[in-house]
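**Student:** Attaching a predicted model along with its sequence, questions to come.
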Amino acid sequence: MNPLSEKNKTLFSNIEVDAVFLRTREDLPDSNVSYFTGLTKQFLSNHALILKPKAKPLLLKSILEPAVKIPALRVKRIDRRKQFKTVLKKELKGVKKIGINKPLYSSAFLREIKKIADKKKLVDVSSAMASQRATKSMYDVLNIATACKIVESVAEKIPRFFKKGMTEKQLALKIEILLREKGEDILPFPVIVASGKNAAFPHHVPLDKKIKNGLVLFDFGCYYKNYCSDISRVFSVGKPTKKQKQLYAGVFATKQYSQALVKPGVVCGQLFDKADKFLKKQTGISLIHGLGHGLGVDAHDFPSGFLHGNKKKLEPGMVLTVEPGIYGKFGGIRIEDDVVVTSAGCKQLTKAPTELLLL
C-alpha cells in the first residue's frame with residue numbers, strides 16, 4: 001500500500017469521524033499537513049487538507065502557487081475565499097463529524113469553520129494524530145535514516161573546509177549549503193556553530209566571531225523526503241586540554257549509557273533521571289535541558305522525549321535523539337545521536353566520534 005494511503009487508513013482506524021479538516025498557514029503551520037501529504041513545508045505556506053476514510057486526500061492550494069500532480073493526492077487550486085468555502089461545503093456534504101487539530105486553531109477560526117460546517121460536530125483529533133506520528137512506519141524510518149546519513153557525511157567534511165580565521169557565521173553557511181545540496185532545500189532548524197564560551201548557550205546563534213583555539217559545538221540537521229535528522233558534534237581547534245578530553249569522555253559515556261537503556265516499555269522521564277544522575281557522576285554537572293526529543297516531520301516531533309516527569313513509555317518505531325550536554329565557563333559539550341526504538345532495544349542511526357576530533 002502507498003505510504004500516504006497507509007497513514008490515512010491508520011488515522012481513521014483510531015478516530016470516530018467522517019472526515020478530517022486541516023489548515024496550514026505561514027503564521028500558523030500545521031505539520032500534520034506535511035505528514036499526510038508527504039510535501040515539505042516550503043510547498044505548504046497556505047493550504048487546506050481534507051482527509052476521508054475511503055478517498056484520496058484533497059489538498060486545496062492557492063492559484064498563486066504552481067500546479068502540481070501528486071498521484072496519492074487530489075489537488076485543487078482555488079482563487080478566492082468564496083471558492084474555498086464552496087469547495088469545502090461540497091466535500092463535507094453528508095459528513096456528520098469532522099476531525100480537527102483543535103489546539104492549533106484560534107477561536108475566531110473555529111467559529112468560521114463551524115459556519116462552513118453548518119451544524120456538523122467538530123471533534124478534536126489532535127491526540128490521535130500525535131500518537132500516530134510518534135510511532136514511525138518502516139517508510140518513515142528509512143527516510144530518517146537517509147537524512148541521518150546526509151548529516152553524518154557533512155559532519156565528516158567539516159575538518160576539510162574549516163580554515164583558521166573563519167567566523168562562526170561563515171562556517172555555519174558552509175554547512176548549510178552542503179545540507180541543502182544533499183537533502184531538501186530547507187532545513188528543520190538553523191545551523192548552530194558555537195565556539196568557546198558561546199557554546200555555553202545551547203541555542204546560540206552564529207556570530208561574526210572568529211573561531212579561535214578551543215572547543216566548537218555544532219548542531220544541525222536536514223530534511224530528506226519530508227523527514228528530519230538532528231545531530232550535535234564537538235571539535236577542538238588546536239590540541240584539547242586534559243580537562244576537555246575528560247569532560248567529552250564523560251558526556252560520551254552518558255550518551256552510550258542512556259542509549260543502552262532505550263527499549264520498549266521504558267518511561268521517558270525515568271530514563272532522563274537516570275541519565276542526569278550518571279552525567280553528574282561523570283562530569284560533576286547536571287542536565288539543563290531534555291536528554292532528547294522525538295524526531296519526524298519536525299525536528300522536535302512526537303513523542304515529546306526524555307524529559308523529567310514525562311510518563312510516556314517508549315514503543316517500537318519511535319525515533320528520538322539522545323543528547324546529553326554540559327555547559328559552563330568552559331563553553332559547552334553536547335553529543336547528539338539519533339536512534340529508533342526496536343522490539344529489543346534501539347538501533348543507532350548516527351554515530352558520534354568516541355573522542356574529540358581536531359579541526
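**Tutor:** Looks like it came in fine. Residues are numbered from 1 along each chain as shown.

**Student:** Domain-wise, how is the protein divided?
**Tutor:** The domain map for the chain lists 3-133, 138-358, with the assignment taken from automatic domain parsing.

**Student:** deepest of the ones you listed, which one?
**Tutor:** The highest average neighbour count among the domains of the chain, using mean count of other Cβ atoms under 10 Å, belongs to domain 138-358 at a mean of 19. The way it works is simple: take the backbone N, C-alpha and C, and place the C-beta from them, glycine included.

**Student:** Quick check: end-to-end length of that one?
**Tutor:** 36 Å (Cα to Cα, to the nearest Å).

**Student:** Determine how far it lies from the middle of the whole chain.
**Tutor:** In this view, domain 138-358 has its centroid 13 Å away from the chain centroid, taken as Cα atoms, centre = their mean, to the nearest Å.

**Student:** The residue nearest the centre of the chain and residue 144: what is the separation?
**Tutor:** The centroid of the chain falls nearest to residue 299 when counting by Cα atoms, centre = their mean (1.7 Å). Per Cβ to Cβ, to the nearest Å, residue 299 is found 11 Å from residue 144.

**Student:** Need the residues touching each of those two.
**Tutor:** residue 228 (Cβ atoms under 8 Å, 6 or more residues apart in numbering).

**Student:** what sits against residue 200?
**Tutor:** Residue 200 makes contact with 327, 328, 329, 330, 331, 332, according to Cβ under 8 Å, 6+ apart.

**Student:** cool, residue 186 as well?
**Tutor:** Here residue 186 is in contact with 40, 41, 42, 180, 223 (Cβ under 8 Å, 6+ apart).

**Student:** just curious, which of the residues you listed is nearest to residue 129?
**Tutor:** residue 41 (16.4 Å; Cβ to Cβ).

**Student:** The closest one - nearest residue in space that isn't next to it in sequence?
**Tutor:** Sequence neighbours aside, residue 34 is the residue nearest to residue 41 in space, at 5.8 Å (criterion: Cβ to Cβ, 6 or more residues apart in numbering).

**Student:** again, but for residue 263
**Tutor:** Counting by Cβ to Cβ, 6+ apart, residue 263 lies nearest to residue 345, which is 4.6 Å off, once chain neighbours are set aside.

**Student:** so the one you found sits right up against residue 314, yeah?
**Tutor:** No. Residue 345 is beyond contact range of residue 314, at 10.0 Å (criterion: Cβ atoms under 8 Å).

**Student:** what sits in contact with each of the two?
**Tutor:** 262, 263.

**Student:** And the strands in the stretch 101-250 of the chain, which stretches?
**Tutor:** For the stretch 101-250 of the chain, applying DSSP state E, counting those that start in this stretch gives strands covering 121-124, 192-195, 214-220, 223-224, 227-228, 231-237.

**Student:** any chance of these in JSON lines, plus distance to residue 308 and mean pLDDT?
**Tutor:** Formatted as JSON lines, the strands of the stretch 101-250 of the chain follow (distance: least, Cβ to Cβ, whole Å; pLDDT from 0 to 100):
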{"stretch": "strand 121-124", "distance to residue 308": "27", "mean pLDDT": "94"}
{"stretch": "strand 192-195", "distance to residue 308": "23", "mean pLDDT": "98"}
{"stretch": "strand 214-220", "distance to residue 308": "21", "mean pLDDT": "98"}
{"stretch": "strand 223-224", "distance to residue 308": "30", "mean pLDDT": "96"}
{"stretch": "strand 227-228", "distance to residue 308": "24", "mean pLDDT": "97"}
{"stretch": "strand 231-237", "distance to residue 308": "20", "mean pLDDT": "98"}
